[in-house]
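> would you be able to build a 3D model of this:
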Amino acid sequence: MAGLLCLALGATVALSDHREPPVVRVETSARQGAGDTPSTGTGTAAPAAAPAATGTGTGTTAPRPFAASPPTRLLVPAAGVDAPVTGLGLNADGTVEVPSAERADEAGWYRNGPTPGETGPAVLIGHYDTAHGPAVFRGLPKLRAGDRIQVRREDGGTVDFRVRQLVQAAKDAFPTDTVYGNTTAPELRLITCGGRIGSDGHWTDNIIVLADLVGPGDPAASAG
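Residues are numbered from 1 along each chain as shown. Now for the predicted structure:
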């Protein structure tokens, strides 16, 4: 799948007073794996047939997956996120929808993929900023490996994940297999914009958080 479309709405705010364009980057590039190209972006083509399974990247026995249930709320304490989640599908041209800029405090779940907790990569998308100011995923670049992510679901349960890695990738080098490829256990992806604002008014990159499901015996798991 191509990167998700980084809307230009936020760029108009950053450039309107002629200040130096902002730069948004992952703080420590050492978190990236050898196979991950530094880059980000938000292109919108729908995913093609899924590639071969990639595994969880944890090197441990995979926690037991959950039954399907749509996400309703996302909590990422280290990034200041406590937000409702809405479903995202495909546009008429086959590209992936992005959350509405008018509701930039919400995250969007790509509903044609797994639900958080099911086997496979569940994908949540959010704006970094819009013309109205900072948005839901403004704090994502500050996350570090080991930070906790919680997803509340329609079935009343909460699924816990732990950040494994942050990847920054240019829109024209989006790591499709890393983000959307099959996995042998439940995983989570959070995607927002980053890099610089280009001459076209769009952010040049995507910042992608890769996270793994936490097992019930892990201290990071939710009580109950």
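> C-alpha only now, for contacts and for neighbours.
Will do.
> just want the most central residue of the protein.
Centroid check for the chain by Cα atoms, centre = their mean gives residue 190 as the closest residue, at 1.4 Å.
> ok, it to residue 166 distance?
According to Cα to Cα, to the nearest Å, residue 190 stands 10 Å off from residue 166.
> do residue 104 as well
To residue 166, residue 104 is 22 Å away according to Cα to Cα.
> report pLDDT for the residue nearest to the centre of the chain.
On the pLDDT scale, residue 190 is placed at 98.
> with residue 16 instead?
According to the prediction, residue 16 has pLDDT 35.
> and residue 23, how many neighbours?
A count of nearby residues for residue 23, using other Cα atoms under 10 Å, gives 11.
> contacts only, for it.
Residue 23 makes contact with 194, 195, 196, 197, according to Cα atoms under 8 Å, 6 or more residues apart in numbering.
> out of those, who has the most neighbours?
Counting neighbours by other Cα under 10 Å, residue 194 comes out on top of the contacts of residue 23 with 33 neighbours.
> dig out what that residue forms beta bridges with.
Legend: beta-bridge partners of residue 194 under DSSP bridges are residue 205.
> distance of it relative to residue 74?
Distance of residue 194 to residue 74, given as Cα to Cα: 20 Å.
> any chance of JSON lines for the contacts of residue 23, columns pLDDT and distance to residue 116?
What follows is those, written out as JSON lines (pLDDT from 0 to 100; distance: Cα to Cα, whole Å):
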{"residue": "194", "pLDDT": "92", "distance to residue 116": "24"}
{"residue": "195", "pLDDT": "88", "distance to residue 116": "27"}
{"residue": "196", "pLDDT": "89", "distance to residue 116": "30"}
{"residue": "197", "pLDDT": "84", "distance to residue 116": "31"}
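> turn those into a markdown table, including distance to residue 87.
Listed next are the contacts of residue 23 as a markdown table, based on distance: Cα to Cα, whole Å:
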| residue | distance to residue 87 |
| --- | --- |
| 194 | 23 |
| 195 | 26 |
| 196 | 28 |
| 197 | 27 |
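> show me what secondary structure element comes after the lowest-mean-pLDDT helix or strand in the chain.
The helix or strand of the chain with the poorest confidence is helix 9-15; it has a mean of 33 (mean pLDDT, DSSP states H and E). Note on helix 9-15: by DSSP states H and E, the next helix or strand toward the C-terminus is strand 23-24.
> partner strands of that following strand, parallel or antiparallel?
Partner strands for strand 23-24, per DSSP bridges, with pairing direction: strand 186-197 (antiparallel).
> how far out from the middle of the chain is the strand it pairs with?
How far strand 186-197 lies from its chain's middle: 4 Å, per Cα atoms, centre = their mean, to the nearest Å.
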